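1. here's my sequence, what's the structure:
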Amino acid sequence: MHYFILFIVRWAIIFRHPRITFWYWTLDRNKRLPNPANPKTANDKFFWRKVFDRNKGFTEISDKLRVGNWLDRKGIHVDAAPVLWSGIDPENIPDHLLENSVIAKANHGSGTNIILRKAPDDREAFNRKMRKFLQKKQGYRRLEWGYFNIPRKLFIEVLIPNLVAEIKVFTFDNRIERIQILYDFESEKGISADVWLPDGRGGWKRFAGSPKITRSANRPWPKLADEALKIAQDIGRHFDHMRVDFLFDGDKLWFGELTLYNLGGHIPLVGDCPNEGVNASWDLRKSNFMRIRHRGWRALYVNSLRKALPNYEPFCK
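-> Numbering: from 1, shown residues only. Coordinates of the predicted model:
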């Protein structure tokens, strides 16, 4: 009976969200129709998170200005780049704040950053661009619900000098199954990166097949990476899955952000194969949706999903 319920819920979601369904279908190497009702892969679990896990706390942790409040409440101490100003009208940004190395941002999404190493040549053009950032509807195209209700603001943040690397840690409760480290931000050749996966012996090995990376960095394990993993575990244990980002200047680790929907809600290559660590490690039973009580059809669905979740059947090529 519970498989029949999962079947009905699956097709209800597919008909309700055809555009998202088609997007996930295009991402799957085997062109498998997504199953957000009984997800076995990380990509299907992202789809499930978007539809079901409407955790109100996701709004706060997705807000670049308020995520620090969440970290403080959890007793997690890591420095972040100082915020010099925040508001809703770029005309109110004092001129002197833009004269030194800063980043101008919007707090509610990605692709809304302007790096300034000196004051903008055309302040009015800068103001217009910042207003467009404020108007951006982040996440609506890919159903990234966590961004929808963020009170939109602009802010000016100190630019971390001599940035060496950005470390993205993929956590699943207290497990870490994927690390992506970006380098060469100022290079004419573009950003390089290494992806690290567990080697099965308590260490890490490079994964050479990840797309979305123009070129491999082939760098050694960076200094302070172990510290980043420890902090990421402290954060990750509060969630079924969370990507934790850090900046590294060669001497110090800085907090970046928490990301609910990697690349809009998918992980390339390893995200569509159930026998990969990132998929089997993502336990939906630790999500907020599965922990709270439900009534009606949701209660029937949760009961059915609980019975199906432990079954992982590798079928990838």
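
2. helices along the stretch 101-250 of the chain, start to end?
-> According to DSSP state H, counting those that start in this stretch, the stretch 101-250 of the chain carries its helices in the segments 123-135, 225-236.

3. buried set for the longest one?
-> The reference is to helix 123-135. Across helix 123-135, burial judged by 16 or more other CB atoms under 10 Å covers 126-127, 129-130, 133-134. Using the backbone N, CA and C atoms, a C-beta is placed for each residue, glycine as well.

4. same check on stretch 298-309?
-> Neighbour counts over stretch 298-309 (16+ other CB under 10 Å) mark 300-302, 304-305 as buried.

5. nearest to residue 35, of those?
-> Of all those, residue 35 sits closest to residue 305, with 11.2 Å by CB to CB.

6. tell me the buried residues in the longest helix along the chain?
-> In the chain, assigned by DSSP state H, the helix with the most residues is helix 2-16. For helix 2-16, the neighbour count (16+ other CB under 10 Å) marks 5-6, 9-10, 13-14 as buried.

7. just stretch 139-147 next, same as before
-> 139, 142-147.

8. and the residue nearest the centre of the chain?
-> The residue lying closest to the centre of the chain (CA atoms, centre = their mean) is residue 259, at 2.5 Å.

9. who does that one bridge with?
-> Per DSSP bridges, the residues bridged to residue 259 are residue 243.

10. pretty sure it sits against residue 241.
-> No - in this structure, residue 259 is not within contact of residue 241 by CB atoms under 8 Å, at 10.0 Å.

11. quick one: contacts for residue 34?
-> Contacts for residue 34 (CB atoms under 8 Å, 6 or more residues apart in numbering) come out as 14, 21, 24-25, 28, 43-44, 47.

12. do the same with residue 2
-> 303-305, 307-308.

13. name the nearest of those relative to residue 165.
-> Using CB to CB, residue 305 comes nearest to residue 165 of those, at 38.5 Å.

14. helix, strand or coil for the closest one?
-> Put simply, residue 305 is helix when judged by DSSP: H, G, I helix; E, B strand; the rest coil.

15. my read is that it contacts residue 10, right?
-> No - Residue 305 is beyond contact range of residue 10, at 10.9 Å (criterion: CB under 8 Å).

16. overlap of the contact sets of the two?
-> 37-38.

17. other SSEs contacting the least confident helix or strand in the chain by mean pLDDT?
-> None of the helices or strands of the chain scores lower by mean pLDDT, DSSP states H and E than helix 277-280, at a mean of 87. Applying 3 or more CB pairs under 8 Å, 6 or more residues apart in numbering; DSSP states H and E, one finds that helix 277-280 makes contact with helix 42-52, strand 175-183.

18. again, only this time at 6 Å
-> Counting contacts by 3 or more CB pairs under 6 Å, 6 or more residues apart in numbering; DSSP states H and E, helix 277-280 is packed against strand 175-183.

19. tell me what angle the strand it packs on forms with helix 225-236.
-> 130 degrees (axes from the mean of the first three to the mean of the last three CA atoms, to 10 degrees).

20. other residues contacting stretch 10-25?
-> The contact list for stretch 10-25, computed with CB atoms under 6 Å, 6 or more residues apart in numbering, reads 34-37, 43, 47, 51, 143.

21. with only the CA atoms kept, save it in CSV.
-> What follows is stretch 10-25, C-alpha atoms only, in CSV (Å, rounded to 0.1, in the frame of the first residue of the first chain):
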residue,chain,number,x,y,z
ARG,A,10,5.2,11.2,-7.3
TRP,A,11,2.9,11.8,-10.3
ALA,A,12,1.1,14.6,-8.4
ILE,A,13,4.4,16.4,-8.0
ILE,A,14,5.4,15.8,-11.6
PHE,A,15,2.2,17.2,-12.9
ARG,A,16,2.3,20.1,-10.4
HIS,A,17,5.9,21.0,-11.3
PRO,A,18,6.6,20.0,-15.0
ARG,A,19,9.3,22.6,-15.6
ILE,A,20,11.3,21.5,-12.5
THR,A,21,10.7,17.9,-13.5
PHE,A,22,12.1,18.5,-17.0
TRP,A,23,15.1,20.2,-15.6
TYR,A,24,16.0,17.3,-13.4
TRP,A,25,15.4,14.9,-16.2
